[in-house]
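>>> just the structure for this:
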Amino acid sequence: MTDTPRTAVLLVAAGTGSRFGADTPKQFRSLAGRPVIRHAADAFTAAGMLIQPVGDTAPITEALAGIDHLPPVPGGATRQDSVRAGLEALARHAPDIVMVHDAARPVIPDGTFQALIAALATHKGAIPAVPVPDTLKRGNAGTIAGTVSRDGLYRAQTPQAFDFQTLLALHRTAGPGATDDASILEAAGLPVALVPGHDDNIKLTYPEDMLRLERILTPMLSPRVGTGYDVHVLVEDRKLILCGIEVPHERGLSGHSDADVGIHALCDAIYGALAEGDIGRHFPPSENQWKDADSARFLRHAAGRIAARGGVLANVDVTLICERPKITPHAPAMIARLADLLAVDAGRVSVKATTTERLGFTGRMEGIACQAVATILLPL
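Predicted coordinates:
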């Protein structure tokens, strides 16, 4: 091995995240303003490593935009299959060291890379691990069946580092069932070094892990609140678009774009919290390119501005003001659509409605109004 070994990393992002319970695989969810996979990728890039992603091409390419990486390799039926596919793709680049990392682990504590590479001077493999601090119980039918000694027990983490040629050769001959890459070396009788892991190196597995990781990744954020208000008149021969969905109604809202009063108010709330003006500043109605435009484009832009500032969207609250149509039957679909456009969990989005007791222009059903509030956390 040379004094400056060439290091590559397999960024394994082929899992579906079934335990996380979301439509979007967890490694592509937004966390602290960036996709989960992007946090780890940025760390590997900063360390000068060659990145070989493994998984679906489209979401990986989008999440890693602007980062140099090799073309993604499709994943296999199991994690072991995915890693082997990635190793085969890396073979032509002949790295000295390969690190294998779960894309759902966004936090790589300082010193991890250095400790792993140092351990490879005397071992063919090394992993970060944390001693198990808790008393362990074996259970059976809801009761304790015994106490397991925790002496010598560790929680394995990634990235796991290996001599590239050794890991490639063992993967080519290994049988199925390996739970991680270190176990493949163990089965071959090769010792694997343990280096200190860290409790912050959390694998995103359940929704509650998102909050823990956001606290780690965004420890110094200041809350910013913005409000938005918008009004559009109801007219004949227009579709009624509210909060990103089409609502059946005999009239629609008039405006230069699709006149989605809900999204327009929400955009203004976000821009206000960022102190970046209003929707008209970013998408002037005097410009013909925005005529009849889908307002979803505006909201994606507003969400992008949060990410560009390193911020986190804490929550949004949208109140539609109208006599008709009734909003409640459509609120779940509206919430889902806004959450998708903002790339946040639906639990951070509220859509509700009220009337003006038949007073004013909304009471006379001449138009629909909306007010919105957005809370954003921005770096100090």
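
>>> alpha carbons only for contacts and neighbour counts from here, please
Noted.

>>> what's in contact with the longest strand that the chain contains?
When the chain is scanned for its longest strand (criterion: DSSP state E), the result is strand 221-235. Counting by C-alpha atoms under 8 Å, 6 or more residues apart in numbering, strand 221-235 makes contact with 251-255, 259, 261-262, 264-274, 311, 365-380, all of which sit outside it.

>>> partner strands of that strand, with direction?
Strands flanking strand 221-235 in the sheet, each with its direction: strand 252-253 (antiparallel), strand 367-379 (antiparallel) (DSSP bridges).

>>> quick check: which of the ones you listed is buried the most?
Among these, the stretch with the highest mean neighbour count (mean count of other C-alpha atoms under 10 Å) is strand 252-253, at a mean of 25.

>>> contacts for that strand?
Counting contacts by C-alpha under 8 Å, 6+ apart, the residues outside strand 252-253 that touch it are 232-241, 259-260, 367-368.

>>> among the strands paired with strand 221-235, which comes closest to residue 178?
Each of the strands paired with strand 221-235 has some distance to residue 178 by C-alpha to C-alpha; the shortest is strand 367-379, at 41.1 Å.

>>> and that closest one, what's its mean pLDDT?
The average pLDDT within strand 367-379 is 95.

>>> also stretch 326-346?
Confidence for stretch 326-346, expressed as mean pLDDT, is 95.

>>> buried sites along it?
Within stretch 326-346, the residues that qualify as buried are 327, 330-331, 333-339, 341-346, counting by 16 or more other C-alpha atoms under 10 Å.

>>> same thing with stretch 353-363?
353, 355, 362, 363.

>>> again, but for stretch 89-109
Of the residues in stretch 89-109, those with enough neighbours to count as buried (16+ other C-alpha under 10 Å) are 89-90, 95-108.

>>> what bridges to residue 376?
Beta-bridge partners, per DSSP bridges, of residue 376: residue 224, residue 313.

>>> so who does it touch?
Taking C-alpha under 8 Å, 6+ apart as the criterion, residue 376 is in contact with 223, 224, 225, 270, 273, 274, 306, 311, 312, 313, 314, 315.

>>> looking at the residues you listed, which has the most residues close by?
The member of these that has the most neighbours, counting by other C-alpha atoms under 10 Å, is residue 270 with 31 neighbours.
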